[in-house]
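> Need coordinates for the following:
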Amino acid sequence: MPAPTLDAFLATLQTDRTRRAYGVDVRQFLNLHDVIRLGELRTRPADAIRTMVEAYRDDVSRRDEAGAVTNPRTVHRKISAVRMFLKWLTGVGGLVYYPADLGPLPSLAGAPKGGTLSRDELRSLLRVPDRATLRGARDYAILMLLTGCALRRSEVARLRVSDVKVGFVPTLTVGEAEADRREVPLTPAVGEALESYFRTGLAAGLPLGTADAPLFTGADLAAAARRRLDPAGLPTALTGDAVWRIVRQIARTAGVEGHVTPHAFRQAAIALAIQGGASYVEVQGLTGHRSAATVARYDRTPPNRRPRRSPFVDLGSPDERRR
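Here you go, the predicted model:
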């Protein structure tokens, strides 16, 4: 059996985004303890492995020079990544003594809660873009994709014209790798926002009739977009960081307080879908999460406010009796 490698572990993860984040986290863990080859971990005692994880937790939780503390959610993710890596390493024979108890994950007390954008705040943010302009039509379409499809900012940035499917049920093809691609149905409001953007963009000269063209460019004007071409002669695509800046600027204009980011839209969209009665599994299929358990973390619905409806077929109903 070949020696386990970090790349082999990362290959088990679902998306490029997760692979990049977990790769950074595990490398930080290994570098902190001067581990050059994974084989060095194989026969370390369980107590030593536990101490390494605790030291890493303390290291990533420390205050910086300005006295700021790492976001508890970031610490939680980093420790989760290391624990998942160690469990995988044990499964492939690269770690003999896996600790029976690595302790609880770091508390999320005091962490900014996800999905805290209210319906009123979302409406305020959506009112900011001037949809009569190319930039406004683009920004509004981006906000609608974040709100109505719960996309990640990287997924918005990677969209191509061909990813928009117009049919009886309009859909959007989303995903970084072929194996991760998924079809997300578009709500009428999202479809209307995209249609308006297409009309405005085509009138301004953007190549939105070209299948391989990026759906969103970083330019405000088509003329500026044409000056920045990729090797295929098409305008360069908007970046994930640019999506982040667009959202931050809109939040400042709207006067919505708090750390409003593209992910805050995704969190709110998922929370609202669950409040509306969607199951975790249904949401998982549309958002590209690794598991329904991850989706459950977005659930902000009080237990007494959750929809109370049976998932089972009512064979005694009039509709069923007519079949």
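
> Lowest-scoring secondary structure element of this structure by mean pLDDT?
Least confident helix or strand of the chain, by mean pLDDT, DSSP states H and E, is helix 222-227 with a mean of 49.

> Can you name every helix or strand that the helix or strand just after that one contacts?
Using DSSP states H and E, the next helix or strand after helix 222-227 towards the C-terminus is helix 240-254. Helices and strands touching helix 240-254, by 3 or more C-beta pairs under 8 Å, 6 or more residues apart in numbering; DSSP states H and E, are helix 119-126, helix 134-148, helix 153-158, helix 262-275. All C-beta spots, glycine's among them, are computed from the backbone N, C-alpha and C.

> now for those helices, which one comes closest to residue 173?
Closest to residue 173 of the helices and strands packed on helix 240-254 is helix 153-158 (C-beta to C-beta; 10.3 Å).

> send the alpha carbons of that closest one over as CSV?
Output in CSV follows, covering the C-alpha atoms of helix 153-158 (Å, rounded to 0.1, in the frame of the first residue of the first chain):
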residue,chain,number,x,y,z
ARG,A,153,-19.3,33.9,-4.3
SER,A,154,-16.8,31.7,-6.1
GLU,A,155,-19.7,29.9,-7.9
VAL,A,156,-21.1,33.2,-9.0
ALA,A,157,-17.8,34.3,-10.4
ARG,A,158,-17.3,31.1,-12.4
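
> Can you pull the poorly scored residue ranges out of this protein?
1, 14, 63-71, 103-116, 176-179, 219-234, 300-323 (pLDDT under 70).

> Spell out for me which residue occupies the centre of it.
Centroid check for the chain by C-alpha atoms, centre = their mean gives residue 152 as the closest residue, at 4.0 Å.

> those strands in the stretch 51-200 of the chain, which residues are they?
164-165, 171-174, 182-185 (DSSP state E, counting those that start in this stretch).

> ranking the ones you listed by burial, who's on top?
Among those, ranked by average contacts under mean count of other C-beta atoms under 10 Å, first place goes to strand 171-174 (a mean of 19).

> Neighbouring strands of that one in the sheet, and parallel or not?
Paired with strand 171-174 in the same sheet, following DSSP bridges, are strand 164-165 (antiparallel), strand 182-185 (antiparallel).

> export the ones you listed to TSV and tack on distance to residue 256?
Below are the strands paired with strand 171-174 laid out as TSV (distance: least, C-beta to C-beta, whole Å):
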stretch	distance to residue 256
strand 164-165	28
strand 182-185	25
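
> show me what contacts residue 253?
Residue 253 makes contacts with residue 128, as judged by C-beta atoms under 8 Å, 6 or more residues apart in numbering.

> Near the closest residue to residue 133 other than its chain neighbours, how many other residues are there?
Nearest residue to residue 133 in three dimensions, chain neighbours excluded: residue 200, at 7.6 Å (C-beta to C-beta, 6 or more residues apart in numbering). Neighbours of residue 200 under the rule other C-beta atoms under 10 Å: 21.

> likewise residue 148?
Residue 148, neighbours per other C-beta under 10 Å, totals 20.

> what about the helices in this structure?
Under the criterion DSSP state H, the chain contains helices at 6-10, 16-32, 46-61, 72-91, 119-126, 134-148, 153-158, 188-204, 222-227, 240-254, 262-275, 280-287, 292-296, 318-321.

> Please name whichever of the ones you listed is nearest to residue 211.
That would be helix 188-204 among those, by C-beta to C-beta, at 13.1 Å.

> Now for the closest residue to residue 26 other than its chain neighbours: which residues touch it?
Nearest residue to residue 26, sequence neighbours excluded (C-beta to C-beta, 6+ apart): residue 85, at 4.8 Å. Neighbouring residues of residue 85 by C-beta under 8 Å, 6+ apart: 6, 9, 22, 26, 29.
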